[in-house]
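In: need a structure here:
(chains A and B)
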Amino acid sequence: MSAVTAPFPETQGLPDRGKVGMAGLIIAESAIFTIFVVAYLFYVGKSLSGPTPREVLETPIFFTICLLSSSFTIHFAVKSLQRGEQTTFLSLWVATIILGGLFLFGTGQEWHRLIYERGLTISTNLFGTTYYSLVGLHAFHVTAGLVMLGIVAILALAGRVGADQSRRVDVLSMYWHFVDAVWVVVFTVVYILGR
Amino acid sequence: MSANAMVIPSAQVVDRTWIEILHQWLTTVDHKKLGILYIVYALFFLVVGGVEAVIIRVQLMHSHSTFVSPQVFNRMFTMHGTTMIFFVAMPVLFGFANYLVPLMIGARDMAFPRLNAFSFWLSALGGLLLYFSFVGANGLYGAGNAPDVGWWAYAPLGARAFSPGHSSDYWTLALLVSGFGSIGTGINLIATILCLRCPGMKLGRMPLLAWLNLVMAGMVLITLTPLSAAQIMLLVDRYLGGHFFDTQAGGSAVLWMHFFWIFGHPEVYILIIPCFAFVSEIIPVFSRKPIFGYPVMVAATVCIAFVSMSVWAHHMFTVGMSSYANTFFTITTMAIGVPTGIKIFNWLGTMWGGRIQFKTPMLFCIAFLFQFLIAGLTGIMLACSPFDWQLSLSYFVVAHFHYVIVGGILFALFGAFYYWYPKITGRMLSETLGKWHFWLFLIGFHLTFDTMHIPGLLGMPRRIYTYEPGRGWDALNLIISIGAFIQGIAIVIFVLNLIASYWNGVKAGNDPWDAWTLEWSVSSPPPEYNFASVPTVASRRPLWDLKHPEDPDSRYE
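Out: Numbering: from 1, shown residues only, chains lettered A, B, ... in the order given. Alright, predicted model coming up:
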């Protein structure tokens, strides 16, 4: 029996609540994405009118490489923060944001091309409905991630993010890894299986 | 282990004005206050949903009744179902989980107190949105109407063409918003139980209530989210011209049914597992024996959670699935009866040879055992797809699931109210009124729901607003309605008991039931910080160890 003053005594090797909470969020989000992926696969080839994925989709290889490599930059950013190297952390963190921003730009470019050149909108056919919903849901998660990464970057520029914050930053990086992993699934489903 | 509460100097206790008290409740992040908010909010909607049920029963009391119009009848059964599931059962169970889990595992609060408050207010907003549809659903065009497409809103009924105005939008948004609140609570419960247990509280020593709520929270994350996803798709269809469930553009109405029931069936287990938790805490205390088969109870719960995710299409036997799908879902549905049966035997094993005290909480739990068994048996009947082809969408199904939800979930909940009310308020609920409540509700319940099976077998479909005389349904429907009124009277007694006992009840003291879990070691109501010093436990019944140092449980576990 011991008197503990901290509101949340971290007792005898129990897991970190931030990580467990984020893992819970990731499980819940995975279920949401699963339903959208199932709907996408269920409706492949069921559109009653064009355009079809084969006609209009172009595989976004460069932007996919950008997003996937941002997982490496954020991983090493967190590692360097844990070692207390704040400058390395900040540069890697900003690199992550740039790579994520590039990916989002790529999505925007593709949507612009599809809407204005190919005439595919969310209400054109089943492909349009499922494509914009699934890719849009992912892009929404990238955007939310970028906002959170941006807040950390601003705080880091103000010198408020030190090694003592590395656990929180690590929790945020879990979310970013999840967003990247979801893209692997979405990419496979939309650009490989769905064509 | 320590049971001494911190002594507060009297100078710190100040009288507050009502506006300060209101401010305190609106801005609170304390798990106990949020738990009470959840429970009071759910009780309010219990009365609202109950009034809707009574309107349904008055309409069906005799043939060719014109008490309400067909349109109003559709709104009533839609709102009754939606309200009772999403704004009564879910919040009241979350309320108890919020209140009890940290106290039972020796924590000072939930893992994320602000997320906790956020989740509650999201749920509250959801209920408000749903009921705002009564006035706002037609926008500026005139008087509103409530959602009327049934609680599962089968496609294409939810589409713009068949559900004009905004009533279905309010329904969708209400469920989406409260769903996000539920996901927040699920995450919070898991993080609390995994990360904030007091020293010595290994997973194998946790009270079953904490274990079962952990399983329930995991199910919330996996099975409530498909509903959120489907609601997003419905919004895309309704607002952006999408075609997810638009059969004219190649969309599938059956896909909506799958998505809805992938949520809908596990939802029943999300609701019943916390009720198993209440029963698993109450029966041992009033049988004066530790729970029989603790590890098996945990294993059976986890097993139920897994199997419950592969049974959903037994709601869809009449859709015309392949015979392989029908066989699969028949087998899985029957299989889920096995772990559930194990639980019932364990509760009986706990009572066997015990010195049973027939206090009100125990009475409700014993009734729960019998009624949940019968509900399970009619469930097995409906699991046979050929039987289901005959009786799906009949009053037999309505009787079956009300037997689960009222006879199982609500009875266990009433038991929980009588058991933990002294802890929450510091006063005992009146035993006399409690016995009246119990017996009246029991009689009303059986009058209504035992009888309701028969018109179902005679072919009375659900959701009809009236029927022809002379089909043998008239007298049965009258009996069902009389039973509903008796249940209504019992609920009034219950609410009066809750209110009257708050001021006039006998002072409870810390541990009125001579119980064994940590929440009874602190004062009633517990102080804001729960435990003055964090307790250390050495067995599943820490208070037993404290009261019987000569023969502690820790010696045997």
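
In: So residue B:182, which state does it fall into?
Out: Classification of residue B:182 using DSSP: H, G, I helix; E, B strand; the rest coil returns helix.

In: what number of residues lie near it?
Out: Residues contacting residue B:182 under the criterion other C-beta atoms under 10 Å in any protein chain shown number 28. Every C-beta, even on glycine, is put in place using the N, C-alpha and C of the backbone.

In: pretty sure it is touching residue B:225, no?
Out: No: checked against C-beta atoms under 8 Å, the pair residue B:182 and residue B:225 is beyond contact range at 9.5 Å.

In: residues in contact with residue B:132?
Out: The contact partners of residue B:132, taken as C-beta atoms under 8 Å, 6 or more residues apart in numbering or on different chains, are residue B:170.

In: where's it, which helix or strand?
Out: Element membership of residue B:132 [criterion: DSSP states H and E] is helix B:113-136.

In: Give the rounded mean pLDDT of that helix.
Out: On average, the pLDDT along helix B:113-136 is 94.

In: now do stretch B:192-208
Out: Mean per-residue pLDDT for stretch B:192-208: 94.

In: so what's the closest residue to residue B:362 other than its chain neighbours up against?
Out: If the residues on either side of it in the chain are set aside, residue B:362 comes closest to residue B:286, at 3.8 Å by C-beta to C-beta, 6 or more residues apart in numbering or on different chains. For residue B:286, the contact set (C-beta under 8 Å, 6+ apart) comprises B:356, B:357, B:358, B:359, B:361, B:362, B:365, B:513.

In: Please flag which of those sit within helices.
Out: Judged by DSSP state H, helices contain the following of these: B:361, B:362, B:365.

In: how much space is there between the first one and residue B:35?
Out: In other words, residue B:361. Per C-beta to C-beta, to the nearest Å, residue B:361 is found 18 Å from residue B:35.

In: which non-adjacent residue is nearest the residue in chain B that chain A sits nearest to?
Out: The nearest approach of chain B to chain A comes at residue B:241, 3.1 Å away (C-beta to the nearest C-beta). Closest residue to residue B:241 apart from its sequence neighbours, by C-beta to C-beta, 6+ apart: residue A:123 at 3.1 Å.

In: Mind picking out the helix or strand in chain A with the poorest mean pLDDT?
Out: Least confident helix or strand, chain A: helix A:53-56 with a mean of 92, by mean pLDDT, DSSP states H and E.

In: Next one: that one, is it in contact with chain B?
Out: No: judged by C-beta under 8 Å from any C-beta of the partner chain, helix A:53-56 stays clear of chain B, getting no closer than 14.5 Å.

In: Buried residues of that helix, list them for me.
Out: Applying a neighbour-count criterion of 16 or more other C-beta atoms under 10 Å in any protein chain shown, one finds A:53, A:56 buried in helix A:53-56.

In: Likewise for stretch A:80-97?
Out: In stretch A:80-97, counting by 16+ other C-beta under 10 Å, buried: A:80, A:81, A:89, A:90, A:92, A:93, A:94, A:95, A:96, A:97.

In: could I have it exported to PDB, CA atoms only?
Out: Provided in PDB are the C-alpha atoms of stretch A:80-97 (Å, rounded to 0.1, in the frame of the first residue of the first chain):
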ATOM      1  CA  SER A  80      15.600  11.300 -32.600                       C
ATOM      2  CA  LEU A  81      13.200  13.100 -30.200                       C
ATOM      3  CA  GLN A  82      13.600  10.200 -27.800                       C
ATOM      4  CA  ARG A  83      17.300  10.800 -28.000                       C
ATOM      5  CA  GLY A  84      16.700  14.500 -27.400                       C
ATOM      6  CA  GLU A  85      17.900  15.700 -30.800                       C
ATOM      7  CA  GLN A  86      15.300  18.400 -31.300                       C
ATOM      8  CA  THR A  87      16.700  19.800 -34.600                       C
ATOM      9  CA  THR A  88      16.800  16.500 -36.300                       C
ATOM     10  CA  PHE A  89      13.300  15.800 -35.000                       C
ATOM     11  CA  LEU A  90      12.000  19.000 -36.400                       C
ATOM     12  CA  SER A  91      13.500  18.600 -39.900                       C
ATOM     13  CA  LEU A  92      12.300  15.000 -40.200                       C
ATOM     14  CA  TRP A  93       8.800  16.000 -38.800                       C
ATOM     15  CA  VAL A  94       8.500  18.800 -41.400                       C
ATOM     16  CA  ALA A  95       9.700  16.300 -44.100                       C
ATOM     17  CA  THR A  96       6.800  14.100 -43.000                       C
ATOM     18  CA  ILE A  97       4.300  16.900 -43.400                       C
END
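
In: of the ones in helices among the contacts of residue B:286, closest to residue A:71?
Out: Ranked by distance to residue A:71 (C-beta to C-beta), the ones in helices among the contacts of residue B:286 are led by residue B:365 at 51.2 Å.

In: what number of residues lie near that closest one?
Out: 28.

In: contacting residues for it?
Out: Contact analysis of residue B:365 by C-beta under 8 Å, 6+ apart lists B:278, B:279, B:282, B:283, B:286, B:347, B:411, B:412, B:415.

In: what's the answer for residue B:526, then?
Out: B:32, B:103, B:423, B:519.

In: ok so the first one is a helix residue?
Out: Yes: read with three-state DSSP, residue B:32 is one of the residues of a helix.

In: surely it meets residue B:524?
Out: No: applying C-beta under 8 Å as the test, residue B:32 and residue B:524 come out as separate, 11.4 Å apart.

In: any residues in contact with both of the two?
Out: Shared contacts of residue B:32 and residue B:524, defined by C-beta under 8 Å, 6+ apart, are found at residue B:424.

In: mind checking the SS state of residue 15?
Out: With no chain named, the answer covers chain A. Applying three-state DSSP: residue A:15 is coil.

In: To clarify, I was referring to chain B.
Out: Recorded secondary structure, residue B:15: coil (three-state DSSP).

In: What degree of burial does it show, as a neighbour count?
Out: When neighbours are defined as other C-beta under 10 Å, residue B:15 has 6 of them.

In: Now do the one helix or strand residue A:40 maps to against helix B:113-136, angle only.
Out: Taking DSSP H and E as the criterion, the element that holds residue A:40 is helix A:17-42. Orientation of helix A:17-42 against helix B:113-136 (axes from the mean of the first three to the mean of the last three C-alpha atoms, to 10 degrees) gives an angle of 40 degrees.
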